[in-house]
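Engineer: sequence unavailable; structure follows:
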């Protein structure tokens, strides 16, 4: 009976393609690229699943805490979280939603008038076309606020690919958004319920030889990413409330204070980006009272800037150390460059993911690649 030769003894032309290491590596790269492309094309289907998985990951420590210390089964804790989030979100929307939409429409109206003035004075065609588009937006917002929110939420989340268009035409925009709103809690419940088992299955698939080192690196990445996302989400809520209160008629009296305050809080998810809302607050305040030769510097610049500085101080010295805790070990220049690259290449999702991805890349480089460079330098 003939005995098969070991793989190392076979010449390259007698091996299968997947037995040739360079070819196998290229095939793995192509497979990964294909899966990314496939997922991107069908993101209308996968986005609810990814959102649910992200929420399950973020809430897993709270669920485990309830299971360990309160002896609550995971389904009960998950149900309570869903109830609190849904009831709290709907209550907040009913309370602030009408005022927010009113101020948003007023902001767009003011921007339209300002663009009309610039277009008339300088005869710029681009400003005229932009003004016409904003005019349609405002008209649609005032006539059908719910439809405006639904349509723009859909575009914000999943874009306008051909697959999205087909799904939208079959189901209708409102039905599709409603389906997403039902699927995300259902997916979240099921994934959060079995989250521990999913993680254990992933660990079992890791190669045994490099398992300890891989788990150590993944744990460090998990701590950095979890601290960033969980911490920044809480900080966004707190700073949005502080900005809105500080710019309200009670203090700085900035026009469109609710829109700018919530926008500043959301932008504060990404470090240093809330400064855009601060500049918008100064500009809107200046346009409201006029940038004339005797304009009140205290009202236009000092008050909005004072509120911004106080909130940033609270964020930097209280909220971030206490809530976020772990630093990502990324300098200010690095964060700005990463944000610009992420926004350019990935749009909204690039902005959200660029900082934790950069932190993970740094951990991977310092923990896996850099030691090999040191070893090579010592050997040579």
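Structural biologist: Yep, it's here. Bear in mind that the values here come from a model prediction, so they are computed numbers and not experimental data. Residues are numbered from 1 along each chain as shown.
Engineer: phi, psi of residue 270?
Structural biologist: Backbone torsions for residue 270, taken as degrees, to the nearest 10, come to phi -100, psi 120.
Engineer: any idea how far it is from residue 228?
Structural biologist: As judged by C-beta to C-beta, to the nearest Å, residue 270 and residue 228 stand 10 Å apart. Quick note: C-beta positions are derived from backbone N, CA and C, even for glycine.
Engineer: mutual contacts of these two, please.
Structural biologist: Here residue 270 and residue 228 have residue 355 as joint contacts, going by C-beta atoms under 8 Å, 6 or more residues apart in numbering.
Engineer: and stretch 206-221, how far from the chain's centre?
Structural biologist: 27 Å (C-alpha atoms, centre = their mean, to the nearest Å).
Engineer: buried residues in that stretch, which are they?
Structural biologist: 217, 218, 220, 221 (16 or more other C-beta atoms under 10 Å).
Engineer: quick one, longest helix in the protein?
Structural biologist: The longest helix of the chain (DSSP state H) is helix 74-122.
Engineer: check which helices and strands it sits against.
Structural biologist: Using 3 or more C-beta pairs under 8 Å, 6 or more residues apart in numbering; DSSP states H and E, the elements in contact with helix 74-122 are helix 43-69, helix 125-143, helix 173-193, helix 257-267, helix 275-289.
Engineer: again, 6 Å this time
Structural biologist: Counting contacts by 3 or more C-beta pairs under 6 Å, 6 or more residues apart in numbering; DSSP states H and E, helix 74-122 packs against helix 43-69, helix 125-143, helix 173-193, helix 257-267.
Engineer: for residue 369, which of those is the nearest?
Structural biologist: helix 43-69 (25.9 Å; C-beta to C-beta).
Engineer: and the angle from the closest one to helix 173-193?
Structural biologist: Here helix 43-69 runs at an angle of 40 degrees relative to helix 173-193 (axes from the mean of the first three to the mean of the last three C-alpha atoms, to 10 degrees).
Engineer: quick check: mean pLDDT of helix 43-69?
Structural biologist: The average pLDDT within helix 43-69 is 89.
Engineer: contacts for the helix or strand containing residue 374 next, please.
Structural biologist: In the assignment (DSSP states H and E), residue 374 maps to helix 370-379. For helix 370-379, there are no external contacting residues (C-beta atoms under 6 Å, 6 or more residues apart in numbering).
Engineer: pLDDT (mean, whole number) over it?
Structural biologist: Averaged across helix 370-379, the pLDDT comes to 84.
Engineer: any idea how far that helix is from the chain center?
Structural biologist: So, by C-alpha atoms, centre = their mean, the centroid of helix 370-379 is 37 Å from its chain's centroid.
Engineer: give me the helices and strands touching the helix or strand where residue 197 lies, please.
Structural biologist: According to DSSP H and E, residue 197 maps onto helix 195-204. The contact analysis (3+ C-beta pairs under 6 Å, 6+ apart) places helix 195-204 against no helix or strand.
Engineer: contacts for that helix?
Structural biologist: 56, 60.
Engineer: tell me the first helix or strand C-terminal of it.
Structural biologist: Assignment by DSSP H and E places the next element after helix 195-204 at helix 211-246.
Engineer: mind listing what's buried in stretch 123-143?
Structural biologist: For stretch 123-143, by 16+ other C-beta under 10 Å, it's 127, 130, 131, 134, 137, 138, 141.
Engineer: neighbours of residue 191, how many?
Structural biologist: 19 (other C-beta atoms under 10 Å).
Engineer: can you tell me, leaving aside adjacent residues, what's nearest to it?
Structural biologist: residue 56 (4.2 Å; C-beta to C-beta, 6 or more residues apart in numbering).
Engineer: that neighbour and residue 355, how far apart?
Structural biologist: 21 Å.
Engineer: residue 122 now?
Structural biologist: 39 Å.
Engineer: likewise for residue 262?
Structural biologist: Distance from residue 262 to residue 355, by C-beta to C-beta: 21 Å.
Engineer: who are the contact partners of the closest residue to residue 106 other than its chain neighbours?
Structural biologist: The shortest distance from residue 106 to any non-neighbouring residue, by C-beta to C-beta, 6+ apart, is to residue 256 (6.6 Å). Residue 256 makes contacts with 103, 107, 284, as judged by C-beta under 6 Å, 6+ apart.
Engineer: quick one, which of the helices and strands packed on helix 74-122 gets closest to residue 87.
Structural biologist: Closest among those, using C-beta to C-beta: helix 173-193, at 12.5 Å.
Engineer: mind listing what's buried along that closest one?
Structural biologist: 173, 176-177, 180, 183-185, 187-189, 191-193.
Engineer: give me the phi and psi for residue 210.
Structural biologist: phi -110, psi 20.
Engineer: next up, the contacts around residue 268.
Structural biologist: Listed by C-beta under 6 Å, 6+ apart, the contact partners of residue 268 are 236, 239, 274.
Engineer: then residue 145?
Structural biologist: residue 101 are the contacts of residue 145 under C-beta under 6 Å, 6+ apart.
Engineer: and it, how far from residue 96?
Structural biologist: Distance, residue 145 to residue 96, using C-beta to C-beta: 14 Å.
Engineer: show me the shaky parts of the protein.
Structural biologist: 1-14, 18, 146-176, 290-295, 325-327 (pLDDT under 70).
Engineer: that one - how does it break down into domains?
Structural biologist: 1-41, 44-104+143-205 (automatic domain parsing).
Engineer: I'd like the ones you listed as a markdown table, with distance to residue 335 appended.
Structural biologist: Below are the domains of the chain laid out as a markdown table (distance: least, C-beta to C-beta, whole Å):
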| stretch | distance to residue 335 |
| --- | --- |
| domain 1-41 | 25 |
| domain 44-104+143-205 | 21 |
